[in-house]
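Asks: With the sequence up front, the predicted model follows.
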Amino acid sequence: MKKITILVSGKGTNMQHIFQAIKNGILPNFIINLVISDRHCYAIQYALKKNIKAISLEKINKKFISNEINNFLVKDIPYIIVLSGFLSILDAKFCKKWFRKIINIHPSLLPKYGGKGMYGIKVHQEVIKNKEKISGATVHYVTKNIDSGDIILKKSCQVSLEETPISLSKKVSLIEKEILIQSIKNF
């Protein structure tokens, strides 16, 4: 079985999509072996309910979070590490060690609307503020530079004149689910 370790900070919506894709046979030969969060969040509760090993590092100094995560990963080496709304920044040493094994899903068409501070609803607010006609999502490799790793897959959607950050978020969320599952399948 190919092990997926998931790093989360919030609800873990994409983590739940991965879990369902495994359960439904869309991702055969994969298991989620570990979920790690950098704060108290619903994703940890969800993982535990599904009998997935889950660890919260909420009390760890963010300066040392990459080292702590690495300590767990070397005990049970994953096939792939998926950032699913993970908000902590992984350090350069960690990114180099796990190079081409860490992927992230981002709610924009990178390189647009990426980088520090660009996550969640903030991305959609900027897209609408700048009157973009298309948006979407991108799966990319994680490197020491935020949202700058090689693109694995991206898909776009139209941004209507009546679009709100919430409605755009819902559109992009559907795309995220699709391309994240496809990226893992093709990994």
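Replies: Good, I have the coordinates.

Asks: Centroid-nearest residue for the chain?
Replies: Note on the chain: the residue nearest the mean C-alpha position is residue 84, at 2.5 Å, using C-alpha atoms, centre = their mean.

Asks: what ranges do the strands span in this protein?
Replies: Assigned by DSSP state E, the chain shows strands spanning 2-8, 30-37, 54-56, 80-84, 102-106, 134-141, 151-158.

Asks: Would you mind giving the ones you listed as JSON lines with mean pLDDT and distance to residue 164 added?
Replies: Glycine gets a C-beta too; all of them are placed from N, C-alpha and C. JSON lines is the format used below for the strands of the chain (pLDDT from 0 to 100; distance: least, C-beta to C-beta, whole Å):
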{"stretch": "strand 2-8", "mean pLDDT": "98", "distance to residue 164": "26"}
{"stretch": "strand 30-37", "mean pLDDT": "98", "distance to residue 164": "29"}
{"stretch": "strand 54-56", "mean pLDDT": "96", "distance to residue 164": "33"}
{"stretch": "strand 80-84", "mean pLDDT": "96", "distance to residue 164": "24"}
{"stretch": "strand 102-106", "mean pLDDT": "97", "distance to residue 164": "20"}
{"stretch": "strand 134-141", "mean pLDDT": "98", "distance to residue 164": "13"}
{"stretch": "strand 151-158", "mean pLDDT": "98", "distance to residue 164": "14"}
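
Asks: Pop the domain breakdown of the protein in here.
Replies: Using automatic domain parsing, the domain parsing of the chain gives 1-98, 106-187.

Asks: any idea how far residue 83 is from residue 139?
Replies: Using C-beta to C-beta, to the nearest Å, we find residue 83 at a distance of 10 Å from residue 139.

Asks: Give me the common contacts of the two.
Replies: 103, 104, 105 (C-beta atoms under 8 Å, 6 or more residues apart in numbering).

Asks: unless I'm mixing things up, the last one is touching residue 142, no?
Replies: In other words, residue 105. No - the pair residue 105 and residue 142 fails to qualify as a contact (C-beta atoms under 8 Å) at a distance of 10.7 Å.

Asks: what touches both of the two?
Replies: With contacts defined as C-beta under 8 Å, 6+ apart, the residues adjacent to both residue 105 and residue 142 are residue 83.
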